[in-house]
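1. Fold the following and give me the result.
(chains A and B)
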Amino acid sequence: MRRLTVAAVLLVASVCAGLASMQDGRRVIDVRAERFSFSPSEIVLEAGEEVELRITSDDTAHGFHIRGTGTNITIPKRGQGAVTALVRLDKPGRYTFECSRMCGAGHNFMRGELVVRGQPAGAAAP
Amino acid sequence: MFAAGLAGNAAAQGVDPAEAADAGASPYPQTGPLSGYMDFHFNGVQGQDAVLDFHRFVLLFSHSFSERIRFIGELELEHAFVEGLEAAGEIELEQAYVDFLLTRAFNIRAGMLLVPMGIINERHEPPVYNGVERPFVDTVVVPSTWFDVGAGVHGEIRRGLRYRGYVMAPLDALEFTADEGIRGGRQKGSEANVRHPAFAGRVEYVGLPRLTIGASAWSGRSSFAAPRLETTVRIGEMDVRYQRRRLELRGQFAQVAITDAARLNDALERLVGVSPNIARTLRGFYGEAAYRVWDAGSPRDLVAFLRYENFDTQFRMPDGYVPLKEFDRNAWVMGLTYYPDPDVAVKFDYIVQRNRSDLIDAPDSINAGLGWWF
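-> Alright, predicted model coming up:
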């Protein structure tokens, strides 16, 4: 198993009953889940950048799982607030995220990608 | 307020994306919890006795062999009761497939598949559509729930641009009717004849928030039971869904073309003694506006909707055949959907249905239903 050079996915999940706080200097990206898609389905971030994903559902409860990490949280049902995930990925690459909670006939279509660009965090400047 | 806490070790340490599937202590194989949906209805049709019908009892099963190989199955009991050869309920295997999830852009699926067509066929859990019954267009033009055996590919090519392409069992043209079009021709994966396989495809764009645009096509030679015929069925379909604040709009158009319909009618007339009067073109479309009149979150969640449908299973007839005007129909469907929970829908609607016949009336109906997902 090859590890990310400097890898961390720091996840803090909270259901805030529709309340999301903005963290200083951190991008906040609203992600909407519904049967059977995430919008946006592609999220671009820089290596080492910490972003806040504020995820809501427009129907039933969904899951949000980032493959290759331990991130696997439940998105509450419509009208029951948001779940907020702080994500930082230090190694460039493509990370699949997907619904991890059976949500209906098209459950397996419900996927997206975190696209991490740039130099790995901690790499020496040229 | 709730805090789930930090992610586990696997998240904190991370792995290379390419090796992600094999990382750490694998939770696979993993069998998912049982889930499903149900709905039962009251249908009061003008001039007929009212009925109560437990329409659907559906259980979904899932199993992940690994992160990339997954099974989903959907077993449905319709109308609560199955009795031998009587025209009663049905047990249907609506889905049972294995997905090989390879990349975002390319994945393979095989088994019993839902035909990727229209708004309803792949997305039909009771809380996601308004109206006690599914739209007429999604019943007699797009014959949902439409499923059959096959294999194919699916994926997302660019941000929000998704596709599905399957090779599937074709329809059986000898089961087509004037009233319900191609619906009776579904082989449903039961020793399905695949001498001439059919092709189904869909592209959809979900790249803009709250907007879904889709187009589907299906083509298959459908006269395997009467080899001298050259009956091919082609279906084209377009649909859109859009949400803005409390308003949701959706629309769909579908058209079915049946080649060699005249000879198909002749053959069936020789077989059963009566011409089924099958058309060479079926067409239907609908538009729906829904407004969330109470939007304070369940249980204070109420949607009012109005839908217009126009559907004609005798839209164009083969030469020498006259369309039956009672099958040129339109309907206004108006009603309410109340959500005591986001996964529970209490539905009421009233349907004003009309046709172009001077002899046969299309009955109005009042309907109520309770549907849920778990």
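2. hey, let's count contacts and neighbours off CA atoms from now on
-> Noted.
3. buried sites along stretch B:320-329?
-> Along stretch B:320-329, the positions that meet the burial threshold by neighbour count (16 or more other CA atoms under 10 Å in any protein chain shown) are B:Tyr321, B:Pro323, B:Leu324, B:Lys325, B:Glu326, B:Phe327, B:Asp328, B:Arg329.
4. and chain A, which of these reach it?
-> Restricting the buried residues of stretch B:320-329 to those near chain A by CA under 8 Å from any CA of the partner chain leaves nothing, as none qualifies.
5. TSV please, covering the residues you listed and showing pLDDT, secondary structure and distance to A:Ala61.
-> Output for the buried residues of stretch B:320-329, formatted as TSV (pLDDT from 0 to 100; DSSP: H, G, I helix; E, B strand; the rest coil; distance: CA to CA, whole Å):
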residue	pLDDT	secondary structure	distance to A:Ala61
B:Tyr321	94	coil	52
B:Pro323	94	coil	47
B:Leu324	94	coil	47
B:Lys325	94	helix	46
B:Glu326	95	helix	43
B:Phe327	95	helix	41
B:Asp328	96	strand	41
B:Arg329	96	strand	38
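6. ok, the residue lying closest to A:Pro76 once chain neighbours are set aside - how many residues close by?
-> Closest residue to A:Pro76 apart from its sequence neighbours, by CA to CA, 6 or more residues apart in numbering or on different chains: A:Ala61 at 4.9 Å. The burial metric for A:Ala61, expressed as a neighbour count using other CA atoms under 10 Å in any protein chain shown, is 23.
7. How much space separates A:Ala61 from A:His107?
-> The gap separating A:Ala61 from A:His107 is 12 Å, by CA to CA, to the nearest Å.
8. for B:Pro170, same thing?
-> Looking at B:Pro170 against A:His107, where the rule is CA to CA, the gap reads 25 Å.
9. Next: B:Ser190.
-> According to CA to CA, B:Ser190 and A:His107 sit 25 Å apart.
10. What residues sit buried inside stretch B:227-242?
-> By neighbour count with 16+ other CA under 10 Å, stretch B:227-242 contains the buried residues B:229-242.
11. So which of B:Pro170 and A:His107 has more stuff around it?
-> The residue with more neighbours, out of B:Pro170 and A:His107, is B:Pro170; 32 against 19, by other CA under 10 Å.
12. and which of the buried residues of stretch B:320-329 is nearest chain A?
-> For chain A, the closest of those turns out to be B:Arg329, at 30.2 Å, with distances computed as CA to the nearest CA.
13. Go ahead and confirm the closest one touches B:Phe315.
-> No. Applying CA atoms under 8 Å as the test, B:Arg329 and B:Phe315 come out as separate, 10.3 Å apart.
14. Helix or strand for the residue lying closest to B:Arg202 once chain neighbours are set aside, just tell me which one.
-> With CA to CA, 6+ apart as the measure, B:Ser216 is the residue that lies nearest to B:Arg202, at 4.2 Å, once sequence neighbours are left out. Element membership for B:Ser216 (DSSP states H and E) is strand B:211-221.
15. neighbouring strands for that strand, and are they parallel or not?
-> The strands that strand B:211-221 pairs with in its sheet are strand B:198-205 (antiparallel), strand B:232-244 (antiparallel) (by DSSP bridges).
16. Which pair of the buried residues of stretch B:320-329 spans the longest distance?
-> B:Tyr321 and B:Arg329 (18.6 Å; CA to CA).
17. average pLDDT across stretch B:339-350?
-> Summarised as a single mean, pLDDT over stretch B:339-350 is 98.
18. swap that for stretch A:66-77, please
-> For stretch A:66-77, mean pLDDT rounds to 92.
19. gap between the two ends of that stretch?
-> In terms of CA to CA, the two terminal residues of stretch A:66-77 are separated by 20 Å.
20. quick one: contacts for B:Thr281?
-> Under the criterion of CA atoms under 8 Å, 6 or more residues apart in numbering or on different chains, the contact list for B:Thr281 reads B:Gln255, B:Val256, B:Ala257, B:Ile258, B:Thr313, B:Gln314, B:Phe315, B:Arg316, B:Met317.
21. Which ones among these also lie next to chain A?
-> The subset of the contacts of B:Thr281 within reach of chain A, counting by CA under 8 Å from any CA, is empty.
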